[in-house]
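Novice: Build me a model:
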Amino acid sequence: MATENCIRRRAYEIWEQKGKPEGRSEEHWVQARREIEGPQRRRFLWLASAGAVLATALLPGLANIMWQVGGHVYDTYSVELFRTDPTEIRIPVSQPFYDSLHEIAEFHCVVVRYGTEEALRAGALPTERDKIDGQPQLKSVQVSLQPKNGEYLLSFSLRVHRYLGTQFKLYATAKNPLAIQEVVKKLEDVSEKDENCAGKFDVDFSNKPTKIMCVTQGGIHNEKVFFLVDKYNSALSADGRIINNFANPGGT
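Specialist: As a prediction, this is how the structure comes out:
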């Protein structure tokens with residue numbers, strides 16, 4: 001959060017310096033991000049280059065390798081170190097969902113990517129850092145299904161990008177791989193029929209159990225059963241064929 005606070009303060013300074021114009025807050029924010037995050041990357045690469053100088057004195061040929069490795073490590077891990085926040089997600093589900101699935105299924109969440117096609121296309125003026133962050137992630141995290149204080153909850157930790165948001169999708173696997181079709185049927189039985197599985201749908205921000213929607217079987221061996229929930233917005237995949245859930249910046 002320290003980086004975000006620095007960006008916010010710098011954006012406010014830029015706004016004041018330019019005479020406090022209206023309607024240019026996004027422009028000032030982007031400029032502030034470049035000013036703040038650019039030096040962070042340069043400092044990281046400076047450390048890599050210092051190590052490369054030392055390595056060159058000891059073993060010729062390592063300088064270029066260390067420079068490249070330093071840049072790759074920064075680009076790979078800086079998104080999680082500086083630009084995402086771990087967010088605890090709690091999704092209430094119905095008792096029929098819990099009763100029919102908790103003994104036969106395990107649940108997971110795949111982090112599809114940071115951002116959406118709309119945010120990363122040229123017309124939205126994404127930064128080079130945004131384009132790097134917006135590459136596919138496809139990382140899975142474990143999801144628990146447990147009763148708590150009279151509710152039944154799907155719970156997991158999701159890294160939400162501070163500026164772009166995070167696309168994700170929930171899925172179930174069978175505890176007994178031979179029972180995958182039973183998991184498919186149980187999820188279909190507790191899902192909403194005739195929901196819009198090709199575009200936007202209404203988001204329910206209440207505490208009511210979530211609607212389970214758009215149940216589809218997939219994976220290399222059809223071992224996964226994907227589904228959507230109506231507690232989060234939707235976003236289309238890069239090819240426009242798959243709809244995912246989307247956590248806005250801030251985790252909503």
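Novice: Go through stretch 210-229 and flag the buried ones.
Specialist: By neighbour count on 16 or more other Cβ atoms under 10 Å, the buried set for stretch 210-229 is 210-217, 224-229. From N, CA and C alone the C-beta is placed, and that goes for glycine too.
Novice: I'd like to know which of the residues you listed are part of strands.
Specialist: Among the buried residues of stretch 210-229, the ones falling in strands (DSSP state E) are 212-217, 224-229.
Novice: Tell me how many other residues surround Leu164.
Specialist: Using other Cβ atoms under 10 Å, Leu164 has 23 other residues around it.
Novice: how close does it get to Glu182?
Specialist: Applying Cβ to Cβ, to the nearest Å, the value for Leu164 to Glu182 is 38 Å.
Novice: Among the buried residues of stretch 210-229, which one lies nearest to Leu125?
Specialist: Leu228 (29.6 Å; Cβ to Cβ).
Novice: what's the helix or strand for Glu13?
Specialist: With secondary structure defined by DSSP states H and E, Glu13 is part of helix 2-17.
Novice: May I have that helix as CSV, with CA atoms only?
Specialist: Output of helix 2-17 as CSV, limited to C-alpha atoms (Å, rounded to 0.1, in the frame of the first residue of the first chain):
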residue,chain,number,x,y,z
ALA,A,2,3.0,2.3,0.5
THR,A,3,3.5,2.6,-3.3
GLU,A,4,-0.2,3.3,-3.9
ASN,A,5,-0.2,6.1,-1.3
CYS,A,6,2.9,7.6,-2.9
ILE,A,7,1.2,7.6,-6.3
ARG,A,8,-2.0,9.1,-4.8
ARG,A,9,0.1,12.0,-3.2
ARG,A,10,2.0,12.6,-6.4
ALA,A,11,-1.1,12.6,-8.5
TYR,A,12,-2.6,15.3,-6.2
GLU,A,13,0.6,17.3,-6.5
ILE,A,14,0.4,17.1,-10.3
TRP,A,15,-3.2,18.2,-10.2
GLU,A,16,-2.3,21.2,-8.1
GLN,A,17,0.7,22.1,-10.3
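Novice: what helices or strands is it leaning on?
Specialist: In terms of contacts (3 or more Cβ pairs under 8 Å, 6 or more residues apart in numbering; DSSP states H and E), helix 2-17 is packed against helix 25-58.
Novice: What distance do you get for Val93 to Thr210?
Specialist: Note on Val93: its distance to Thr210, by Cβ to Cβ, is 6 Å.
Novice: So what's the residue count around Ser25?
Specialist: Ser25 has 13 neighbours, counted by other Cβ under 10 Å.
Novice: ok, now the one 5 residues further on?
Specialist: Residues lying near Val30 (other Cβ under 10 Å) number 17.
Novice: ok, the closest residue to it other than its chain neighbours to Arg83 distance?
Specialist: Leaving aside its chain neighbours, Val30 sits nearest to Thr127 (6.5 Å; criterion: Cβ to Cβ, 6 or more residues apart in numbering). Distance of Thr127 to Arg83, given as Cβ to Cβ: 11 Å.
Novice: more neighbours, those two?
Specialist: Ranked by neighbour count (other Cβ under 10 Å), Thr127 and Arg83 place Arg83 first, with 20 against 13.
Novice: From Asp130, how far out is the closest residue to that one other than its chain neighbours?
Specialist: Using Cβ to Cβ, 6+ apart and skipping residues adjacent in sequence, the residue nearest Arg83 is Arg162, 5.6 Å away. For Arg162, the distance to Asp130 (Cβ to Cβ) stands at 11 Å.
Novice: Also Arg121?
Specialist: For Arg121, the distance to Asp130 equals 11 Å [Cβ to Cβ].
Novice: Next up, the contacts around the spatially most central residue of the chain.
Specialist: In the chain, the residue lying closest to the centroid (Cα atoms, centre = their mean) is Thr166, at 2.8 Å. By Cβ atoms under 8 Å, 6 or more residues apart in numbering, Thr166 lies in contact with 84, 111, 113-114, 158-160, 246-247.
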